[in-house]
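Trainee: please work out how this folds:
(chains A, B, C and D)
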2 protein chains.
Amino acid sequence: MLISTRGRYALRVMLDLAENRERGYLPMKEVAERQELSLKYMERIMPALVKAGFVEGIHGKGGGYRLVGEPKEYTVLEILQLTEGDLAPVACLTQGAEPCSRAERCRTLSMWNKLYEMVKKFFAGITLEDLL
Amino acid sequence: MLISTRGRYALRVMLDLAENRERGYLPMKEVAERQELSLKYMERIMPALVKAGFVEGIHGKGGGYRLVGEPKEYTVLEILQLTEGDLAPVACLTQGAEPCSRAERCRTLSMWNKLYEMVKKFFAGITLEDLL
DNA sequence: CAATTAACCCACCTATTTAGTAGGTAGAAA
DNA sequence: TTTCTACCTACTAAATAGGTGGGTTAATTG
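Mentor: Alright, predicted model coming up:
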């Protein structure tokens, strides 16, 4: 599976924040309920989005999360790369994989590379706005 | 990871068989050595390729595996689907996934579908001959 | 100030998948 | 009948997925 629930959920939460952004800070409890996904699980994913500057979180009553920028400023690629780590379709292409000794003569490597580029280009061409 | 070693190895073995097909039946021991992959592991993957009619295996001395058809008759898609089972990029799209109750209103579903179609089309357009 | 709300943090857990290995049996050829 | 090779079953170690529990810290409100 290229994309796990982690990335899929993050995307759905980002979309929910985009959709309701005029309402200010939204508590995760509300978002998780609306999106029907585990609050506890989401609480573990959100800090990554904060750290990357995608969303802002504020504590306490009336707090919650808010999109920092406009929906069209976020590509699906950025969100998935952040939460999934790497979208490489094969292990050979992951960042930090030990370099394959057969790379020179590998008959399939360029195919995997092409696929990888295609996938990245696909996701880079879609913003949150496109999905609203 | 969309494609695991299982599918990648199968593809490499099929390519090896294609490359050396004029030499008749090739023992897996030889192929595995040349491709630098575990013989025992490959022995567990080959029966699937036999069952699908992609290769023929014969026992005993002088035996081994042989491609049944011409290299250009095998698409990468067929080989990967057979060995990996399903190339769905997200769990929602796997054959036999319980139907998602949110499918109607899901903002991302059509994106996943497009990606899936794109990936399948990509692999369907590449044959063993193209990789030789 | 105290209670409430909500982000955030850390340790743990269960099930599944991955990538094999061990130890054979069955069949074909020399 | 020995040798080679496909093929089969059971097992295993490590990683990943998808969480849960039990808190602490920070901000608002009565």
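Trainee: what pLDDT does the model give the residue of chain A found nearest DNA strand C?
Mentor: Going by C-beta to the nearest atom of the strand, DNA strand C is nearest to A:Gly57 of chain A, at 3.0 Å. For glycine as for every other residue, the C-beta is placed from the backbone atoms N, C-alpha and C. At A:Gly57, the predicted lDDT confidence score is 96.
Trainee: am I right that it sits in a strand?
Mentor: Yes: read with DSSP: H, G, I helix; E, B strand; the rest coil, A:Gly57 is one of the residues of a strand.
Trainee: so who does it touch?
Mentor: A:Met46, A:Val50, A:Gly63, A:Gly64, A:Tyr65 (C-beta atoms under 8 Å, 6 or more residues apart in numbering or on different chains).
Trainee: surely the fourth one is in contact with A:Ala32?
Mentor: Right, A:Gly64. No: proximity of A:Gly64 to A:Ala32 does not meet the contact threshold set by C-beta atoms under 8 Å, at 11.1 Å.
Trainee: returning to that earlier point: got a winner among the contacts of A:Gly57 for most neighbours?
Mentor: Ranked by neighbour count (other C-beta atoms under 10 Å in any protein chain shown), the contacts of A:Gly57 have A:Tyr65 at the top, with 23 neighbours.
Trainee: what strand or helix carries it?
Mentor: Using DSSP states H and E, A:Tyr65 sits in strand A:64-67.
Trainee: is that strand anywhere near chain B?
Mentor: No: judged by C-beta under 8 Å from any C-beta of the partner chain, strand A:64-67 and chain B are separated, with a smallest distance of 15.0 Å.
Trainee: what about that strand and DNA strand C, touching?
Mentor: Yes: residues of strand A:64-67 contacting DNA strand C under C-beta under 7 Å from any atom of the strand: A:Gly64, A:Tyr65.
Trainee: same for DNA strand D: which of the contacts of A:Gly57 are within range?
Mentor: A:Gly63.
Trainee: for chain A, which residues are neighbours of DNA strand C?
Mentor: Counting by C-beta under 7 Å from any atom of the strand, the residues of chain A close to DNA strand C are A:26-29, A:40, A:43-44, A:46-47, A:50, A:57-65, A:91.
Trainee: in chain A, which spans are helices?
Mentor: A:5-19, A:28-35, A:39-51, A:76-84, A:109-124, A:128-131 (DSSP state H).
Trainee: that'll do, ta.
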